[in-house]
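Enquirer: Requesting a structural model of the entry that follows:
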Amino acid sequence: MSINIGGLDAAIIIGYMLAVLAFGIWLGRGRQSATRYFLGDRSLPWGALLLSIVATETSTVTFLSLPGLAAAAGGNLTFLQITLGYIVGRIGVIFILLPLYFRGQPFTAYEVLETRFGTTSRRLVSSLFLLTRNASDALRLFLTALVLQIVLGLDLNVSVIIIGSVTILYTFIGGARSVIWNDCVQFFIYMLGAAAAAFVIIRVAPGGFEHILQFASDSDKLRILDFDMSLSKTSMTFWAGLAGGAFLTAATHGTDQMMVQRYLSARNQRDASLALGISGVIVLLQFMVFLLIGVGLAAMFDITDAGSAVDVRNDQLFPYFIVNYMPQGLLGITLAAVFAAAMSTLSSSLNSSAAAFINDIYLPLQKRDLDEAGKLIASRSATVVFGFAQIGIALAFGLIASNESIVANVLKISGFAAGPVLGLYVLGVFAPRVRQRSALTGFVVGVGVLSVIAYSTPVHWAWYALFGSVLTVMAGILANLLEGRKLEQ
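Expert: As a prediction, this is how the structure comes out:
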């Protein structure tokens, strides 16, 4: 079912997509090379990289669902505690992993693993990245297409193809420069959309800002800290946020090619450190804005433990507000913000996937070196292939089901590798005697045990990266000790 939006709102949405495409094509002008295509000639300013890091980790799901956490009956600002771990994890990456990436001139995060362990480690982890990244981002594409279907009344398959094609085209032409500079624009677009929504909530809510504050105080909506020691509490706790969030960020921002590619695009290690370090503070402030929007929605719809004025699920409350309460013009801006949040992640996914495939798998298997023209053709071809793959997965998912729990489970599976991959890097840095075979044994054990924990226990997902990393390190060290004893015998 579609909603009736005005010509102005439709023009803003269509104009935004065309502007993104035109900007990406313009940035892609001039002679390209593999280094320019994947890393922007390693010359991009830290400010652009900072906004790109933040925009890339802010998907449509984050933009639309986070307000629902605070708006829900019993909800509050405790989810903000995970950003404390985000900041700590980034500091660890800056001092431990960034120096590894600035030894030489690698194209991908996984070249470091080959230097330490061997080719198999590099190819395995890179392949796992390609599988999980494209599967999870195809679902993000599907969720964004659902919004386009609702607001413009388009067929769902057509919506998937439109968003996917626009993202493929500007990523194909402009490469990393197009992705990163478009991320900067998209950051301001979705924050403008959030600000517009907050403004309307204050105006529409009965009693205005004063009522929202009173409601928030009476219902304990402004609570941030929760020192509960339980590992299975369904809401965020201080310890899960600090420890779990730190390991999660160390994994996603320290070993994931999509983020590492931004550091490698910096002029030097100092610029990469600045971009990564400050991004943690920006994410904290950004999450605060999204959660406070949720508090405002709770006050507006009088959501309490006793009930709600609207019969809408928590994560659908913000979308419901957008399509039913945003005035003409602001509706178009806010919906453009939804697409901005999605496209910043999807374009980064395509460019980083192509970089990993070409540099970790394709080029090492070639019997002769390719010239720059050949590398560029292969790189752009890989971008298109991964773009079509994500469109195909999104279309297939639309045929199978659109059940939210299925989406959540697939995204959970895609996150299993984050902790174990971090464990491999920890073994590489702090356990110099551990060899490749033992490290990969630890990795397999880490993924396996973590899968059991995720599906057989009530442990909160925030602990997954910590458990996965620790399990991999312990199993890797143990496997190496057993292997050493066999050799002695």
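Enquirer: Lowest-scoring secondary structure element of this protein by mean pLDDT?
Expert: helix 404-414 (a mean of 49; mean pLDDT, DSSP states H and E).
Enquirer: helices or strands up against the helix or strand just after it?
Expert: Once helix 404-414 ends, the next helix or strand along the chain (criterion: DSSP states H and E) is helix 418-430. Counting contacts by 3 or more CB pairs under 8 Å, 6 or more residues apart in numbering; DSSP states H and E, helix 418-430 is packed against helix 111-116, helix 119-152, helix 245-254, helix 436-456, helix 464-488. The way it works is simple: take the backbone N, C-alpha and C, and place the C-beta from them, glycine included.
Enquirer: So for helix 418-430, what gets flagged as buried?
Expert: Across helix 418-430, burial judged by 16 or more other CB atoms under 10 Å covers Ala418, Gly419, Pro420, Val421, Leu422, Gly423, Leu424, Tyr425, Val426, Leu427, Gly428.
Enquirer: Can you name the residues in contact with it?
Expert: 96-97, 100, 112-113, 116-117, 121, 125, 128-129, 247-248, 250-252, 254-256, 434, 439, 442-443, 446-447, 450, 464-473, 476-477 (CB atoms under 8 Å, 6 or more residues apart in numbering).
Enquirer: So for that helix, mean pLDDT?
Expert: For helix 418-430, mean pLDDT rounds to 92.
Enquirer: That helix relative to helix 119-152, how many degrees between them?
Expert: Helix 418-430 and helix 119-152 are oriented at 150 degrees to each other (axes from the mean of the first three to the mean of the last three CA atoms, to 10 degrees).
Enquirer: Measure how helix 418-430 sits relative to helix 436-456, angle-wise.
Expert: 150 degrees.
Enquirer: between helix 418-430 and helix 464-488, how big is the angle?
Expert: 50 degrees.
Enquirer: Use 3 as the first number from now on
Expert: Happy to do that; since the first residue is 3 now, the last one works out to helix 420-432.
Enquirer: CA-only coordinates of helix 420-432, as PDB, when you get a sec.
Expert: Output of helix 420-432 as PDB, limited to C-alpha atoms (Å, rounded to 0.1, in the frame of the first residue of the first chain):
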ATOM      1  CA  ALA A 420      33.500 -10.200  13.600                       C
ATOM      2  CA  GLY A 421      34.800 -11.500  16.900                       C
ATOM      3  CA  PRO A 422      36.700 -14.500  15.600                       C
ATOM      4  CA  VAL A 423      38.300 -12.400  12.900                       C
ATOM      5  CA  LEU A 424      39.500 -10.000  15.600                       C
ATOM      6  CA  GLY A 425      40.800 -13.000  17.500                       C
ATOM      7  CA  LEU A 426      43.000 -13.800  14.500                       C
ATOM      8  CA  TYR A 427      44.500 -10.300  14.500                       C
ATOM      9  CA  VAL A 428      45.000 -10.600  18.300                       C
ATOM     10  CA  LEU A 429      46.900 -13.900  17.800                       C
ATOM     11  CA  GLY A 430      48.900 -12.300  15.000                       C
ATOM     12  CA  VAL A 431      50.000  -9.300  17.200                       C
ATOM     13  CA  PHE A 432      50.300 -10.800  20.700                       C
END
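Enquirer: and the angle from that helix to helix 247-256?
Expert: Going by the same axes, to 10 degrees, helix 420-432 makes 80 degrees with helix 247-256.
Enquirer: Quick one: closest of the helices and strands packed on helix 420-432 to Leu372.
Expert: helix 113-118 (17.3 Å; CB to CB).
Enquirer: Pull the distance from that closest one to the chain's centre.
Expert: Taking CA atoms, centre = their mean, to the nearest Å, the mean C-alpha location of helix 113-118 is offset from the chain mean by 24 Å.
Enquirer: just stretch 264-281 next, same as before
Expert: 18 Å.
Enquirer: Can you list the neighbours in contact with it?
Expert: Residues contacting stretch 264-281 (CB under 8 Å, 6+ apart): 41-42, 44-49, 51-52, 54-56, 58, 92-93, 95-96, 100-101, 103-104, 108-109, 178, 182, 255.
Enquirer: CA atoms only: put it into PDB for me.
Expert: Provided in PDB are the C-alpha atoms of stretch 264-281 (Å, rounded to 0.1, in the frame of the first residue of the first chain):
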ATOM      1  CA  ARG A 264      38.900   4.500   4.700                       C
ATOM      2  CA  TYR A 265      42.100   4.600   6.800                       C
ATOM      3  CA  LEU A 266      44.200   3.400   3.800                       C
ATOM      4  CA  SER A 267      42.700   6.300   1.800                       C
ATOM      5  CA  ALA A 268      44.100   8.900   4.300                       C
ATOM      6  CA  ARG A 269      47.300  10.900   3.700                       C
ATOM      7  CA  ASN A 270      49.000   9.400   6.700                       C
ATOM      8  CA  GLN A 271      48.500   7.400   9.900                       C
ATOM      9  CA  ARG A 272      47.900  10.600  11.900                       C
ATOM     10  CA  ASP A 273      45.000  11.600   9.700                       C
ATOM     11  CA  ALA A 274      43.500   8.100   9.900                       C
ATOM     12  CA  SER A 275      43.800   8.200  13.700                       C
ATOM     13  CA  LEU A 276      42.000  11.600  13.800                       C
ATOM     14  CA  ALA A 277      39.200  10.500  11.600                       C
ATOM     15  CA  LEU A 278      38.600   7.200  13.500                       C
ATOM     16  CA  GLY A 279      39.000   8.700  17.000                       C
ATOM     17  CA  ILE A 280      36.600  11.700  16.500                       C
ATOM     18  CA  SER A 281      34.100   9.500  14.800                       C
END
